[in-house]
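Asks: could you look at this predicted model? Sequence included:
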Amino acid sequence: MRQSEHFPDSVTVIEVGPRDGFQNVKGEIPTEEKVKIINLLATSGLKRIEATSFTHPKWIPQLKDAAEVIRCINRGSDVVFSALIPNEKGLDRAIENGVEEVVFVVSASDALNRENFNQSTAESLAELAAISPKAKRNGVRLRGAIAASFGCPLEGSVAVERVIDVAKAFQKAEVCEVSLADTTGMAHPLQVRDLLCRLFAEFSDLPLALHFHDTRRIGLVNVYSAWQIGARIFESSIAGLGGCPYAPGAPGNVATESLVYMFHRIGVETGVDLESLMECSRITKEVVGGIDPDRCHG
Ligand code: MG
């Protein structure tokens, strides 16, 4: 039951809508609308926001304005804005643009790593050896994310040992935290319990975050299962934005407003003002709904 020794009980919510959500929206969201939504999210009490991704625009055209988004958002607040990076080149761009925290993603499934990053899991981990000291030298905080931690749409089930191996590599690279991502929404609550029991035992000093998708409408059940085992850091997406390229039209990430609502109802603090969040959700749905109506499930 590590990571749960807070009183009163509280969780940390990491908003990933501007990255995981927006990147799944078909049709271009104007940069100023992205900036408006991110600024609104930051005023709702969220302290950590994944704002964009420094991925080559050829792969994710929606986030080609990453540098501009980082430049234009209000950074004077006490909110940490992070950016996802798929490789060292992404780190270079993040450094150039003054990003304070980067999230380096490696998939526990070799097939998905090749599909997404055009190299094997081992090759991504070799790149981590270069990324970590460079991030440190430049004063950028490095987080790790393990895609396909709960299963892979290409390979099927993913052995716990492979998740542990990637987490060990991240720990060796001295990341501040590791996020376990249910990239395509394959997790179920008992699997969440079993995986976390193993990982909490194995990594007692490494903060672990959970990133669930609601592809099969059990995202929040998985959140609750993880919380019961002692997880206290959760990633979610405003208005449930996001999606899964392997399940067209399926819901996206767990909706931030649903997650916050549930925690408040069971007496767990989030530091987020639910009313402001609902307003953010409404505005996000208005903006994104006009471009890609399929992408709003919150
Ligand atoms: Mg995701």
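Replies: Received, thanks.
Asks: what ranges do the helices span in the stretch 1-150 of the chain?
Replies: 31-42, 66-72, 88-96, 110-117, 121-137 (DSSP state H, counting those that start in this stretch).
Asks: show me how far the first one is from its chain's centre.
Replies: Between the centre of helix 31-42 and the centre of its chain there are 17 Å (C-alpha atoms, centre = their mean, to the nearest Å).
Asks: same question for stretch 13-22.
Replies: Worked out by C-alpha atoms, centre = their mean, stretch 13-22 lies 6 Å from the chain centre.
Asks: hmm, who's touching that stretch?
Replies: Stretch 13-22 is contacted by residues 29, 34, 37-38, 41, 46, 48-53, 62-63, 69, 83-84, 179, 209, 211, 233-239, 241-242, 252-253, 256, 259-260, 270-272, 284, 288, 295 when judged by C-beta atoms under 8 Å, 6 or more residues apart in numbering. The way it works is simple: take the backbone N, C-alpha and C, and place the C-beta from them, glycine included.
Asks: select only the buried ones of the residues you listed in PyMOL?
Replies: Buried residues among those (16 or more other C-beta atoms under 10 Å), as a PyMOL selection:
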select buried, resi 29+34+37+38+41+46+48+49+50+51+52+53+62+63+69+83+84+179+209+211+233+234+235+236+237+238+239+241+242+252+253+256+259+260+270+272+284+288+295
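Asks: could I get the helices of the stretch 1-150 of the chain as a markdown table with distance to residue 201?
Replies: Listed next are those as a markdown table, based on distance: least, C-beta to C-beta, whole Å:
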| stretch | distance to residue 201 |
| --- | --- |
| helix 31-42 | 34 |
| helix 66-72 | 37 |
| helix 88-96 | 31 |
| helix 110-117 | 25 |
| helix 121-137 | 22 |
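Asks: mark which of the contacts of stretch 13-22 are part of strands, please.
Replies: Those of the contacts of stretch 13-22 mapping onto strands are 48-53, 83-84, 179, 209, 211, 233-236, per DSSP state E.
Asks: just the closest of these to residue 246, please.
Replies: The nearest member of those to residue 246, counting by C-beta to C-beta, is residue 211 at 16.3 Å.
Asks: quick check: residue 255 touching residue 281?
Replies: Yes - applying C-beta atoms under 8 Å as the test, residue 255 and residue 281 come out as touching, 7.4 Å apart.
Asks: let's have the helices of the stretch 1-150 of the chain in a markdown table, adding distance to residue 186 and mean pLDDT.
Replies: A markdown table is the format used below for the helices of the stretch 1-150 of the chain (distance: least, C-beta to C-beta, whole Å; pLDDT from 0 to 100):
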| stretch | distance to residue 186 | mean pLDDT |
| --- | --- | --- |
| helix 31-42 | 27 | 98 |
| helix 66-72 | 28 | 98 |
| helix 88-96 | 26 | 98 |
| helix 110-117 | 11 | 95 |
| helix 121-137 | 18 | 97 |
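Asks: which one of the ones you listed lies closest to residue 226?
Replies: Nearest to residue 226, of the helices of the stretch 1-150 of the chain and by C-beta to C-beta, is helix 110-117 at 21.4 Å.
Asks: let me see the residues that make contact with the closest one.
Replies: 86-87, 105-107, 119-121, 124, 147-148, 152-155, 183.
Asks: between helix 121-137 and it, find me the angle.
Replies: Put simply, helix 110-117 runs at 50 degrees to helix 121-137, going by axes from the mean of the first three to the mean of the last three C-alpha atoms, to 10 degrees.
Asks: in helix 110-117, what's buried?
Replies: In helix 110-117, counting by 16+ other C-beta under 10 Å, buried: 110-114, 116-117.
Asks: swap in stretch 163-177?
Replies: Buried residues in stretch 163-177 (16+ other C-beta under 10 Å): 163-167, 169-170, 173, 175, 177.
Asks: and stretch 13-31, by the same measure?
Replies: Buried, per 16+ other C-beta under 10 Å, within stretch 13-31: 13-25, 29.
Asks: any idea which of the residues you listed is closest to residue 101?
Replies: The closest of the buried residues of stretch 13-31, once distances to residue 101 are taken by C-beta to C-beta, is residue 14, at 10.4 Å.
Asks: between the helices of the stretch 1-150 of the chain, which gets nearest to residue 200?
Replies: Shortest distance between residue 200 and the helices of the stretch 1-150 of the chain, using C-beta to C-beta, is found for helix 121-137: 22.2 Å.
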